[in-house]
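Participant: Here's my sequence, what's the structure:
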Amino acid sequence: MASLWHVVPKMRERAPELRDGGSIVGGMAAVYTHGHHESVLRSHRWRTAENSAAYLLPHLRPGQALLDIGAGPGTITMDLAALVAPGRVTATEVTDEALSLSRAEARARGVTTVDFTTADVHELPFPDDAFDVVHAHQVLQHVADPVRALAEMRRVCRPGGVVAARDSDYDRFAWHPAVPELDEWLALYRATARANGGEPDAGRRLLSWARAAGFGGVTPGASAWCYATDEDRRWWGTMWSERIVASEMARQIVAAGTATHADLQRLSAGWLRWADAPDGWFAILHGEILCRA
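Facilitator: The predicted model follows:
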């Protein structure tokens with residue numbers, strides 16, 4: 001079957017079709033590229049404060065008020081809540097449907113120190129200086145105006161507090177062995193994310209965005225996830241083999257005519273071939289910033 005490389009340059013032109021009628025709310029695209037299919041949630045629920053916010057943990061203290069923007073399924077949120085208790089955490093998402101995922105995680109863990117509210121990071125519904133810590137994990141890559149978002153995060157953070165953000169840099173994903181379908185998958189994802197108004201290579205831009213948002217004291221950094229054990233490799237590969245054919249991203253791509261179900265099935269098979277490789281290795285680079293308000 002033919003490669004998908006030829007369709008990628010056209011995807012920016014097809015942004016309205018990819019959004020499929022999605023509106024812009026407060027400057028933020030209403031359609032989230034990944035969506036909330038179970039295959040996506042399996043990936044997001046794997047995330048913890050330890051494996052996804054280690055750079056922030058030394059700055060947390062009991063009694064702090066913490067804002068977690070884009071809480072998703074809430075696994076990181078509940079970990080952070082345990083670290084700042086008895087301080088309260090406010091978890092936000094763009095929709096009630098998305099927020100229900102972190103509410104369910106709080107109930108499952110018996111956490112009672114987390115409040116939940118829908119919010120657009122471009123226009124946060126909180127007063128100035130409301131939080132000691134403002135955190136966003138894998139959020140800024142999906143918003144229309146990350147500088148404005150960071151400026152809002154700065155506004156609601158108390159003087160001397162910490163604003164923390166971590167985002168992937170998709171152009172620096174690396175894997176072995178070489179599988180052509182994974183190259184196509186990555187190009188297709190990056191083009192789809194940009195058609196939806198996001199920036200998939202956000203990690204390298206965090207420092208620049210923070211400076212543009214008015215932060216002076218910024219500590220930049222980087223970290224990585226790596227999937228290389230037999231268990232991790234099979235989990236990551238099989239998760240993406242399902243995600244590329246069943247998630248919101250897949251629906252958008254097929255609806256826009258950018259690729260067919262058969263095309264995506266071919267990419268899915270490539271993921272399974274990678275997962276079966278005994279020497280398979282996959283690494284994801286993330287940019288990180290710690291900003292003093």
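
Participant: where do the helices sit along the protein?
Facilitator: 15-19, 38-45, 49-52, 75-84, 96-109, 146-155, 180-195, 206-212, 230-246, 248-255, 261-276 (DSSP state H).

Participant: Looking at the ones you listed, which is nearest to residue 122?
Facilitator: Of all those, helix 146-155 sits nearest to residue 122, with 5.2 Å by C-beta to C-beta. From N, CA and C alone the C-beta is placed, and that goes for glycine too.

Participant: To residue 58, which of the helices of the chain lies closest?
Facilitator: Proximity to residue 58 (C-beta to C-beta) singles out helix 75-84 among those, at 10.5 Å.

Participant: Can you tell me which helices and strands that closest one packs against?
Facilitator: Helix 75-84 sits against helix 49-52, strand 66-69, strand 89-93, helix 96-109, strand 114-118, strand 131-137, with contacts defined as 3 or more C-beta pairs under 8 Å, 6 or more residues apart in numbering; DSSP states H and E.

Participant: ok, back up a step: export the helices of the chain to TSV and append columns for distance to residue 168.
Facilitator: Output for the helices of the chain, formatted as TSV (distance: least, C-beta to C-beta, whole Å):
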stretch	distance to residue 168
helix 15-19	20
helix 38-45	12
helix 49-52	11
helix 75-84	15
helix 96-109	19
helix 146-155	13
helix 180-195	10
helix 206-212	11
helix 230-246	14
helix 248-255	15
helix 261-276	18
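
Participant: re earlier: out of the helices and strands packed on helix 75-84, which comes closest to residue 230?
Facilitator: For residue 230, the closest of the helices and strands packed on helix 75-84 is helix 49-52, at 18.6 Å, according to C-beta to C-beta.

Participant: would JSON lines of the helices of the chain with mean neighbour count and mean pLDDT be doable?
Facilitator: Output for the helices of the chain, formatted as JSON lines (neighbours: other C-beta atoms under 10 Å; pLDDT from 0 to 100):
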{"stretch": "helix 15-19", "mean neighbour count": "18", "mean pLDDT": "43"}
{"stretch": "helix 38-45", "mean neighbour count": "17", "mean pLDDT": "88"}
{"stretch": "helix 49-52", "mean neighbour count": "16", "mean pLDDT": "98"}
{"stretch": "helix 75-84", "mean neighbour count": "22", "mean pLDDT": "99"}
{"stretch": "helix 96-109", "mean neighbour count": "16", "mean pLDDT": "96"}
{"stretch": "helix 146-155", "mean neighbour count": "22", "mean pLDDT": "99"}
{"stretch": "helix 180-195", "mean neighbour count": "20", "mean pLDDT": "95"}
{"stretch": "helix 206-212", "mean neighbour count": "20", "mean pLDDT": "99"}
{"stretch": "helix 230-246", "mean neighbour count": "19", "mean pLDDT": "97"}
{"stretch": "helix 248-255", "mean neighbour count": "20", "mean pLDDT": "91"}
{"stretch": "helix 261-276", "mean neighbour count": "18", "mean pLDDT": "98"}
